[in-house]
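A.B. asks: any chance you could fold what I've pasted below:
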Amino acid sequence: ASRVAHQNMAAFVTLLAAALSTGGEPTIPRACVAPHDTYPFCDHTLPLDTRLDDLINRLSLTEKPLLMVGRESPKGNISRLGIPEYDWGGNCIHGVQSRCSPDGRCPTSFPNPNTLGATFNRTVWRGMGAVIGVELRSIWLQGIGENHPSNLPHMGLDCWSPNVGIQRDPRWGRNLETPSEDPYLCGVFGREYTLGLQNGSDPRYLQGVATLKHFDANSLEGNWYPDGTPGGPLNRHTVDVNITQYDLHSSYLPAFKMSVMEGGAAGVMCSYNSINHVPSCANDWLLGEVLRKDWAFRGYVSSDSGAVRDIYMAHNYTNNWTSTVADAVSAGCDIESAPWGSAGPWRTGGPYIDWIPTAVAEGLLQEAAVDAALRNALGIRFRLGLFDPIEGQPYWNVPPTVVESLEHVAQAVDATSQGFVLLENRGNFLPVVSGQSVAVIGPHATDRTVMLGNYLGQICPDSNPDCVLPFFDAINTSVVAGGGVAQFSHGCTVNGNSTDGFDAAVALAKTADIVIYIGGLDGTMEGESHDRIDIGLPPIQVQLLKLLVAANSKMVVCLMHGGMVGVDDVAPSLTALVSLGYPGRYAAASLAATLFGETDHAWGKTTVSWYKSSITSDFNMVNFDMGLAPGRTYRYYTGTPVFPFGFGLSYTTFDVSADVSSIVVAPGAEKNVTVSVKNTGAHAGDEVIMAYFTAGPGVIPAGEPAGQIRKQMFDFTRLHVGSGETEKVVFSVTADSVNLHTASGEVVRWPGQYTLEFTNGNGDPAGTANVVMTL
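C.D. replies: Model prediction:
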């Protein structure tokens, strides 16, 4: 990780230690206070299971589901026992999704996960989780609610985040919420986020709760026909995803598995879709066999909002409400997130509340299953320290000043510049030379909102985006500081038809020394509940870009997007091309500093394959087979992408070499490969080294689907290297490094020879070192 990231983390830890030692008596309602402090479940010296049994045994059957429902019944309280309300499920995708505090402090907002993934930086990911965790505690203590028009009660302490599903298809509307197409990278992201969020200064308790979503194979919003053409009845609520055990275990489950088994995630959200004919939230194989038995999961499972309803109403898996709730609870869905209630957030209702007592009375549901679900759900509240004496609990003394602190903002800024990806830089056009006239053109030139992405906390205290710096303003500051002048023109809208702004934009481009174009997509084209149909850059922008290139070839194009953007129509004529993802609150200043070479801790690598725009004709959006020709993601794709997974340039150049040419690894043994990274250019810079393996001929038995894998990542690191300097990084290689899966989904390590590739991903032979591994 970069030195800046480490310095910021050290400053954050210092601030947190000081912050946790201060604070007044909390004013929010809490459990186990007089006259309700004498119950055995309030005795923190008793074992947790004993306390849970005591509390559950005091609840009536009608009271139990009140503690198992969010949204339509967000109070989660039993007043006669002194159990206060609890709001299940605030979102924290890239910051706490709450309102600002009364004194104007708003939750720190990081880039969206598709930008964060491009940093390839574990320190950034864990650091963001830690920021979210401590800010969540402060926001909860202040009684601040979710950033939602329903004015829900104050935030709970479980985050419905992170989203660790793979980016299976570039058309998926929610690609911006997840870090990569690669299951290993998604797993590391989920693990680090979880460790940062849940593990704070007090090892006795959870700081917050990570809730992994959407479990599982949830990468279709809608609407589609079975043959993959748009406009049909299949969407995230209705689709029945048919997946082989091989694809499930090798592509769709690994990120969840790593986040649970290595990160200790205490929450999982089951998805809307069915998997092999069984809705996820009624799938006892998925929630019971895989999650709790195979992975030893010890936490709670929540449905996605309305997913229990979908079991009956969308999938027709059941034919009445009592069977629906019986199947969901019995399968292991502990918390039902109901749809937003039409009567407002204080309405008491939802399938669990309405039908669990009846399902038990009719013998469809064992009350013991209800108690087991309660044990999982209430266990989270106990593990958060909400039923223990608050004296000596640091988490009950987190001050308001940690929210949007300077240290937290510095971490978000650092993450932003590391997440930009330099896809093209002909003739070393970038960084921009100072003292020039600059034309800033494009539909996002003065944007304050699209850059923020989705699932946002309140960004500015007045609910307007006026505190967000636009791209042009930041670029203008850098230009003027260097003795130049900048002007802007939008040229066109994101996806309209009007060419009215073309003439002014072209005229401005002709008079400028260089052009910086800020364009791409927005939430009207991709997002929750809607997928893209066409992955190309919107035609109106392609038309404008061609005119601009003809007017001034010295142009850098910067694109905001969730899924990759088909740029094959314009890329060959561009001098420089930058992928921004949805870069968040601090994007403008970070981009200006990066383009003008004001930081040497910039640039990441693309975490998805950039295909040609026509690739959608080869991929059926409703088909989840990873290896079906031409193959999905870099692991299976047999074509030539425009930009491959892991690609990303820098302002300098690097040579990569390994200290060995071959190794032999015995089962249970470990061998280290030391990789040297030499900066051969004039600029200091960050570099990412990725480690892949490829099975040699004859290693994988004939007929095994793993034979279709072209290569697979097993490790990566980010490091900073000064100009002319060499840094070394050690990769640990074991038999597990080359894990594959059989057709039945079992993990296997086939003996034989493998090629290990240690590379910066840029296609230059000097940037890659190969090592032969014999297992």
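
A.B. asks: need the longest helix for this protein.
C.D. replies: Of all segments of type helix in the chain, defined using DSSP state H, the longest is helix 122-141.

A.B. asks: starting at the chain centroid, how far to it?
C.D. replies: 14 Å (Cα atoms, centre = their mean, to the nearest Å).

A.B. asks: just stretch 250-260 next, same as before
C.D. replies: That offset, for stretch 250-260, works out to 14 Å (Cα atoms, centre = their mean).

A.B. asks: which residues sit against that stretch?
C.D. replies: Residues outside stretch 250-260 that contact it (Cβ atoms under 8 Å, 6 or more residues apart in numbering) are 162, 164-166, 183-184, 186-191, 193-194, 210, 212, 215-217, 243, 265, 268, 290-291, 295, 297, 624, 626, 635, 706, 740-741, 745. (Glycine included, C-beta is placed from N, CA and C.)

A.B. asks: right, and the helix or strand after the longest helix of the chain?
C.D. replies: strand 158-159 (DSSP states H and E).

A.B. asks: and that next one, average pLDDT?
C.D. replies: The average pLDDT within strand 158-159 is 95.

A.B. asks: so which elements touch that strand?
C.D. replies: Applying 3 or more Cβ pairs under 8 Å, 6 or more residues apart in numbering; DSSP states H and E, one finds that strand 158-159 makes contact with strand 209-215.

A.B. asks: which ones among the contacts of stretch 250-260 map onto strands?
C.D. replies: Cross-referencing the contacts of stretch 250-260 against strands under DSSP state E gives 210, 212, 215, 268, 740-741.

A.B. asks: could I get the residues you listed as CSV with neighbour count?
C.D. replies: Shown next, in CSV, are these (neighbours: other Cβ atoms under 10 Å):
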residue, neighbour count
A210, 33
L212, 30
F215, 28
V268, 28
L740, 21
H741, 22
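
A.B. asks: can I get the longest helix of the chain in PDB? Just the C-alpha atoms.
C.D. replies: The C-alpha atoms that make up helix 122-141 are tabulated as PDB, following Å, rounded to 0.1, in the frame of the first residue of the first chain:
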ATOM      1  CA  ARG A 122      -6.200  -3.500   1.000                       C
ATOM      2  CA  THR A 123      -5.300  -0.600   3.300                       C
ATOM      3  CA  VAL A 124      -7.800   1.700   1.500                       C
ATOM      4  CA  TRP A 125     -10.600  -0.900   1.800                       C
ATOM      5  CA  ARG A 126     -10.000  -1.700   5.400                       C
ATOM      6  CA  GLY A 127      -9.500   1.900   6.200                       C
ATOM      7  CA  MET A 128     -12.900   2.800   4.700                       C
ATOM      8  CA  GLY A 129     -14.500   0.100   6.700                       C
ATOM      9  CA  ALA A 130     -13.000   1.500   9.900                       C
ATOM     10  CA  VAL A 131     -14.100   5.000   9.000                       C
ATOM     11  CA  ILE A 132     -17.600   3.700   8.400                       C
ATOM     12  CA  GLY A 133     -17.600   1.700  11.600                       C
ATOM     13  CA  VAL A 134     -16.700   4.500  13.900                       C
ATOM     14  CA  GLU A 135     -18.800   7.100  12.100                       C
ATOM     15  CA  LEU A 136     -21.800   4.700  12.300                       C
ATOM     16  CA  ARG A 137     -21.300   4.400  16.100                       C
ATOM     17  CA  SER A 138     -21.200   8.200  16.400                       C
ATOM     18  CA  ILE A 139     -24.300   8.700  14.200                       C
ATOM     19  CA  TRP A 140     -26.200   6.000  16.100                       C
ATOM     20  CA  LEU A 141     -25.300   7.600  19.400                       C
END
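
A.B. asks: next, the angle strand 209-215 makes with it.
C.D. replies: If you take axes from the mean of the first three to the mean of the last three Cα atoms, to 10 degrees, helix 122-141 sits at 110 degrees to strand 209-215.

A.B. asks: what helices and strands are in contact with helix 122-141?
C.D. replies: Checking 3+ Cβ pairs under 8 Å, 6+ apart, helix 122-141 ends up next to helix 3-19, helix 113-117, helix 183-198, helix 406-419.

A.B. asks: I figured D659 hits V673, correct?
C.D. replies: Yes - using Cβ atoms under 8 Å, D659 is in contact with V673, at 6.9 Å.

A.B. asks: pLDDT weak spots in the stretch 51-200 of the chain?
C.D. replies: 72-74, 149-153 (pLDDT under 70).

A.B. asks: got the buried residues for the host helix or strand of G379?
C.D. replies: Here G379 sits within helix 367-383, counting by DSSP H and E. By neighbour count with 16 or more other Cβ atoms under 10 Å, helix 367-383 contains the buried residues 369-383.

A.B. asks: any idea which of those is the one closest to T178?
C.D. replies: I380 (23.8 Å; Cβ to Cβ).

A.B. asks: these two touch, right, that closest one and G299?
C.D. replies: Yes - counting by Cβ under 8 Å, I380 touches G299, with 6.7 Å between them.

A.B. asks: pLDDT of stretch 287-302, averaged?
C.D. replies: pLDDT averaged over stretch 287-302 gives 98.

A.B. asks: quick one: residues in contact with that stretch.
C.D. replies: 70, 88-89, 158, 160, 209, 211, 215, 253, 256-257, 260-261, 265-270, 280-281, 331-337, 376-377, 379-380.

A.B. asks: may I see the buried residues of that stretch?
C.D. replies: By neighbour count on 16+ other Cβ under 10 Å, the buried set for stretch 287-302 is 287-288, 290-292, 295, 297, 299-302.

A.B. asks: tell me how far it is from the chain's mean position?
C.D. replies: 21 Å.

A.B. asks: list the contacts for the nearest residue to D227 once chain neighbours are set aside?
C.D. replies: Excluding the flanking residues, the one nearest D227 by Cβ to Cβ, 6 or more residues apart in numbering is N620, at 6.9 Å. Going by Cβ under 8 Å, 6+ apart, N620 touches 227-228, 628.
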